[in-house]
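K.L.:
this one's structure only:
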């Protein structure tokens, strides 16, 4: 079974807000000068911001903010966020891999940006609605 | 760089308790666009059986990222943080983090490998209440890029 896809727009303002909320002030997430100096194409989103957006999709699919039992990802490709009003978009889809007898649903999640996967082995286990 | 594999299995002393604030959870939820009332409204959270607002699933990383500095900044291990890239991240929850929690982290180095000139460091952080009740276990795999 496939879950309804979600799209998240990500702008520089989102990265600044996430930096403040998370305490991750690594300049690769806000300074083009720094990002290009270390060999990146430009400012990139925090991997944990992408993981948080996918986590949002998972809890919204679950219909409960407290339903996630396990959640893991591998960061495979940076999400480059241009300095304009449009930013970029992350598309999130998921399929139900397994529903266990003890009421757990295991999801395989895919997150892409500009058609390229930005996460691999993205998996979440949720407790099925109470 | 090569990381010393003899550090595998090493645990660090528990961190000072982190006080989870209601406004911090609201701020984090707002930053990721999570609008579920249980992240913002204590009454909505209580209706789900929680004592106060519920943190989104990746919120514990805010706490463990700071706690992991014990490992990253361990001079004996010698990680060059300017070469660190986040590889993998995983959470296994006993329950969600909620406002009012006082959380303690115990860091353990679970694995160290070297492959293709890069170092791979897997840490596990057991996040518990100050009374020792488990809340969430958090694994991070950091890649320490080799000199190209």
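P.N.:
Here it is on my side, so go on. No experiment lies behind these values; they were computed from the predicted model shown.
K.L.:
buried residues of stretch A:117-129, list them for me.
P.N.:
A:118, A:119, A:122, A:123, A:124, A:125, A:126, A:127 (16 or more other Cβ atoms under 10 Å in any protein chain shown). Using the backbone N, CA and C atoms, a C-beta is placed for each residue, glycine as well.
K.L.:
could I get the buried residue list for the helix or strand of chain B with the lowest mean pLDDT?
P.N.:
Ranking every helix and strand in chain B by mean pLDDT, DSSP states H and E puts helix B:69-72 at the bottom, with a mean of 93. Neighbour counts over helix B:69-72 (16+ other Cβ under 10 Å) mark B:70, B:71, B:72 as buried.
K.L.:
likewise stretch A:99-115?
P.N.:
Those would be A:105, A:106, A:107, A:109, A:110, A:111, A:112, A:113, for stretch A:99-115 by 16+ other Cβ under 10 Å.
K.L.:
mind listing residues that contact the helix or strand encompassing residue A:36?
P.N.:
If you go by DSSP states H and E, residue A:36 is part of helix A:32-37. For helix A:32-37, contacts defined as Cβ atoms under 8 Å, 6 or more residues apart in numbering or on different chains pick out A:27, A:28, A:41, A:42, A:43, A:44, A:83.
K.L.:
just the buried ones among the residues you listed, please.
P.N.:
The neighbour-count criterion (16+ other Cβ under 10 Å) marks A:28, A:43, A:44 among the contacts of helix A:32-37 as buried.
K.L.:
out of those, which are inside helices?
P.N.:
Counting by DSSP state H, those place none of their members in helices.
K.L.:
check contacts around the residue in chain A sticking out farthest from the centre.
P.N.:
Largest separation from the mean C-alpha position in chain A: residue A:101, at 28.6 Å (Cα atoms, centre = their mean). Residue A:101 makes contact with no residue, according to Cβ under 8 Å, 6+ apart.
K.L.:
so what's the backbone phi/psi at residue B:124?
P.N.:
Phi and psi for residue B:124, reported as degrees, to the nearest 10, are phi -120, psi 130.
K.L.:
which residues does it form a beta bridge with?
P.N.:
Applying DSSP bridges to residue B:124 gives these bridge partners: residue B:108, residue B:139.
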